[in-house]
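**Student:** What would the 3D arrangement of this be:
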Amino acid sequence: MTIDKSLKVRAGMSRSRNVLTRAERIAKLKATEKWSDGDGVLGLPKVRVPKMALKKKKKTKKEEGEAEAGDKK
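**Tutor:** Numbering: from 1, shown residues only. A predicted model of the protein is given here:
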């Protein structure tokens, strides 16, 4: 059985994931010193995933002048 075109992932996941793997969670907990090597791997506490927001580039004065000159023509 084949997968429908609408369900296929083209170039991997383009947005950030909201769930971490167990290894990623343990690494974050180690960094914050909330987990040590002897602790169990089941029942780990929740770990917040930072949301990445893309910032828009600010226009320089030279680019703004060119944009305004193009709009007036």
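
**Student:** list the contacts for the residue lying closest to residue 19 once chain neighbours are set aside?
**Tutor:** Nearest residue to residue 19 in three dimensions, chain neighbours excluded: residue 49, at 7.6 Å (CB to CB, 6 or more residues apart in numbering). To be clear about C-beta, it is placed using only N, CA and C from the backbone, and glycine gets the same treatment. Residue 49 makes contact with 16-20 under the criterion CB atoms under 8 Å, 6 or more residues apart in numbering.

**Student:** does residue 49 sit in a helix, a strand or a coil?
**Tutor:** The three-state label given to residue 49 by DSSP: H, G, I helix; E, B strand; the rest coil is coil.

**Student:** the helices in the protein, which residues?
**Tutor:** Taking DSSP state H, the helices of the chain run over residues 22-31, 61-72.

**Student:** Residue 22 touches residue 41, doesn't it?
**Tutor:** Yes - contact criterion CB atoms under 8 Å: residue 22 and residue 41 qualify, at 6.2 Å.

**Student:** Local confidence estimate at residue 64?
**Tutor:** What the model reports as pLDDT for residue 64 is 60.

**Student:** hmm, I was thinking of residue 35
**Tutor:** On the pLDDT scale, residue 35 gets 84.

**Student:** ok, now how distant is it from residue 28?
**Tutor:** 9 Å (CB to CB, to the nearest Å).

**Student:** Pick out whichever of these two has more residues nearby.
**Tutor:** residue 35 (19 against 16; other CB atoms under 10 Å).

**Student:** Spell out which residues sit in contact with the more buried one, please.
**Tutor:** 26, 29, 44.

**Student:** Count the residues that sit near the second one.
**Tutor:** As a burial measure, the neighbour count of residue 29 was computed by other CB under 10 Å and equals 16.

**Student:** Just to check, it is in contact with residue 45?
**Tutor:** Yes - when contacts are counted by CB under 8 Å, residue 29 is listed as touching residue 45 (7.1 Å).

**Student:** follow-up on the earlier one: and the helices of the chain, which one averages the lowest pLDDT?
**Tutor:** Among the helices of the chain, helix 61-72 scores lowest, at a mean of 61.

**Student:** rewinding a little: let me have the contacts of residue 35 in JSON lines, extended by distance to residue 7.
**Tutor:** Output for these, formatted as JSON lines (distance: CB to CB, whole Å):
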{"residue": "26", "distance to residue 7": "31"}
{"residue": "29", "distance to residue 7": "34"}
{"residue": "44", "distance to residue 7": "31"}
